[in-house]
Structure formats: C-alpha cells, structure tokens
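Colleague: Sequence first, predicted model second:
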Amino acid sequence: MPQVSMPEESMVRAPKKIIIDTDPGIDDAMAILLAFESPELDIIGITTTFGNVRTTMATNNALHLCELGGRDDIPVSQGLETSLRGQLKNRIADFVHGQDGLGNTHPPAPKRSAIAQSAPDFFRQKSKEYPGEVTIVALGPLSNVAKAVEDDPDFAKNIGQIIVLGGNFMVNGNVNPAAEANIYGDPEAADIVFTCGADIIIIGINVTHQVFFTGKEMEEVRDSKGKYGKYLYDVSKFYFAYHQNAYDIDAIYLHDPTTMIAAIDPSLFTYAKGVVRVQRDGICKGLTVFNNTSKKWAEPTDWCNLPEVKVAMTVDAPAISKMMKDRLMGV
Ligand SMILES: O=c1[nH]cnc2c1ncn2[C@@H]1O[C@H](CO)[C@@H](O)[C@H]1O
C-alpha cells in the first residue's frame, strides 16, 4: 500500500491556528487540556457538537474547561444540535462518558457564555479571515463542518486543513462492527466533508486503539505535578470502568488527544492517500470505505473523480504517549 509521510514540524514556525470542534467528553477534555499545554497551537476557538453529550452540554463543558485552564480568552461557539439533516441524535454516549460527559464529576456551571455566532458561521468567518491558515481539529460528528461546506462554496478552499477523529479503516467500529461513533453520529455529514476537496487528515480507531493509558499510568498522571493531573484522573474513572467492561482491558483509549497530537506533529503518523466514502444508511451505516488502490475499475464507481484525503495507517504510539505524559504531567 503506498504510504505518504509528513515532514517534521519545525519549532520555529508560528503556532498553528486551530479550532477544536468537540463534544466533551472525557477524552475530549484530555485533548483540550493537552492543547492548552502545547505552544505549537494557537487555539482561536472551540466549537461544539453532539455525540458524547448533547450540544448544549458540550458547550457548557467546553466553557468549563476553558475556565479550568484559565483560557476564558478563547471564544466558544455552539454548533448544530441535530445532524446536518435535522435528526435529533438518539444515541448519546452517556454510558461511555457519564450523564454530564465528564464522568459524573458534576462540574460547576461556567461563568461565561458562548458567543452568538454559530459554529458553521464561525468556521466560515475564520477561514476567510486567515485563508489557508486555520486547522479544524474535529473530535466529534462532522455536522458543523459539513454545514460550512454546504453554505460556502469557498470554504473547502479557504480552510487550511481538517483533522478528523473518525472512522475505522480495515478494523471493526466501536458502535457496532461496521461503524465508529463520530461517523455513525452523522454519516451524511462525514461523506460530504471527506469529498469536499479540503486538505483532510483522518485519524481512525485503527490507529487510536494503539494509544492508551493503563490504570497505573493514570495514577502517575494523578500524582504528577501536572496542573490537571488529579482532575483528569477523577473524570477518567468512569471512562476506565467502561473500558474494563466493554473491552476487558485495564486501560483507556486516547482517541481525542491522539488526534490533537496529529495537529502538533503529523510526522508521528504515516498516511495513505485515497478517496473515502461513507455508507449513509442500512446495517453498515457509518462504515468508512477507503479506495487506496490504483486499479482501473471496469466501470465508474462512486469513488471515481473525487478528491483524495490522507488516512492515518500507522502511529508512533510510544512517542505520542510520551508527549501526552510530558505535557499532562508537567515534565
Ligand atoms: O463504545 C463507544 N461508543 C460510543 N462512543 C465511543 C465509544 N468508545 C469511544 N467513544 C467515543 O467516540 C470517539 C471515538 O470513537 C471518542 O470521542 C470516544 O470518546
């Protein structure tokens, strides 16, 4: 399979402007706090989506995390409360993240509110303000991003890059054997985004399932001098119990922080290029199907003549886990 690798990021570069589209979410919280500790990133906004929690709760949790990190300078913009086509998502992953999305730790109500501008409009405005410079790190279903694509024919051209946590390439999903949770949450939106022509990196659970913290490592995080060590340990207890039960492992998968690290240092992954389509309905709803062959198909297929994306194939899990520990443990 042809692989493409990315050049190592230079430390002398200006910080990368990112918008985090998120549904916090325990591993989202970890990714956001990791981003706060990452000088390579300039977080110009946080936008909210649904999945781990409903969108309004995602907004509250995003505001809470900014307050926790002393980052009330970051605008938080609320996104769609439904899928792109107006379906109210009936599958909210409270069994993974708790009723409050933060492991039933019941965070205090945030002091600040979201800005008036909706997430898709925020994306469009920032992509016009800084053409080619803004990276969206999309940690939940892609409804907001797809809405920006549909509303603005220049969006795919103006946005610098979209790094997506989602999909399962050549492995089973985590909602069912076919589908991963973020793509399953709004498959139509994902299909629109993956074929929109923007520069897209997809980090699927085929790679994020290789990056985890064991219970012992979580205790090290708790006992470290990291600002958020105890907080992360406390919110992760629920997520840990879910992994013990669902996967029979004493560890938690680090989906969202791994994806954040792709924004910090894309060279820690290798990628293959090709067209990705998403099954929109039926028993394989949410399945991501990647055409990575140079075969000339006898007849035109639904993958032909569409823009390619980069799909993560391998991950340097020890390096990623070390970066997370260094930053979250205040090393
Ligand atoms: O079993 C699950 N069902 C639903 N969502 C999950 C499950 N496991 C993890 N996540 C959440 O979905 C994203 C990665 O697919 C992550 O945000 C993770 O927190």
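Modeller: Yes, it's here.

Colleague: Secondary structure element for Thr59, which one?
Modeller: helix 55-68 (DSSP states H and E).

Colleague: which stretches of the stretch 101-250 of the chain have low pLDDT?
Modeller: For the stretch 101-250 of the chain, no stretch has pLDDT under 70.

Colleague: picking that back up, if you count contacts, what does the helix holding Thr59 end up packed against?
Modeller: Counting contacts by 3 or more CB pairs under 8 Å, 6 or more residues apart in numbering; DSSP states H and E, the secondary-structure elements packed against helix 55-68 are helix 26-36, strand 41-48, strand 76-77. For glycine as for every other residue, the C-beta is placed from the backbone atoms N, C-alpha and C.

Colleague: what's in contact with that helix?
Modeller: The list of residues contacting helix 55-68 from outside it, by CB atoms under 8 Å, 6 or more residues apart in numbering, reads 22-25, 28-29, 32-33, 46, 48-50, 52-53, 72, 74, 76, 78-81, 100-102, 107-114, 140, 228, 231.

Colleague: where exactly do the strands run in the stretch 51-200 of the chain?
Modeller: Shown for the stretch 51-200 of the chain, the strands assigned by DSSP state E, counting those that start in this stretch span residues 76-77, 134-138, 161-165, 200-203.

Colleague: helices or strands next to the third one in the packing?
Modeller: Using 3+ CB pairs under 8 Å, 6+ apart as the contact criterion, the secondary-structure elements in contact with strand 161-165 are strand 134-138, helix 187-194, strand 200-203, helix 255-264.

Colleague: at 6 Å what do you get?
Modeller: The criterion is 3 or more CB pairs under 6 Å, 6 or more residues apart in numbering; DSSP states H and E, and the helices and strands that strand 161-165 contacts are strand 134-138, strand 200-203, helix 255-264.

Colleague: Show me what stretch 195-205 is in contact with.
Modeller: Surrounding stretch 195-205, the residues in contact under the criterion CB atoms under 6 Å, 6 or more residues apart in numbering are 149, 156, 159, 161-165, 167-169, 174, 180, 259, 262, 306-307, 309-312.

Colleague: Check stretch 248-268 too.
Modeller: Under the contact criterion CB under 6 Å, 6+ apart, stretch 248-268 has outside partners 6, 8-9, 18, 27-28, 30-31, 34-35, 38, 40, 135, 137, 139, 163, 165, 203, 208-209, 211-215, 236, 239-240, 243, 316, 319-320, 323-324.

Colleague: Look up how far Pro153 lies from the residue nearest to Glu40 when sequence neighbours are not counted.
Modeller: Ranked by CB to CB, 6 or more residues apart in numbering and with sequence neighbours excluded, the top spatial neighbour of Glu40 is Ile264, at 5.0 Å. Distance from Ile264 to Pro153, counting by CB to CB, to the nearest Å: 31 Å.

Colleague: who's more crowded, these two?
Modeller: In this view Ile264 and Pro153 are compared by other CB atoms under 10 Å, and Ile264 has more residues nearby, 20 against 8.
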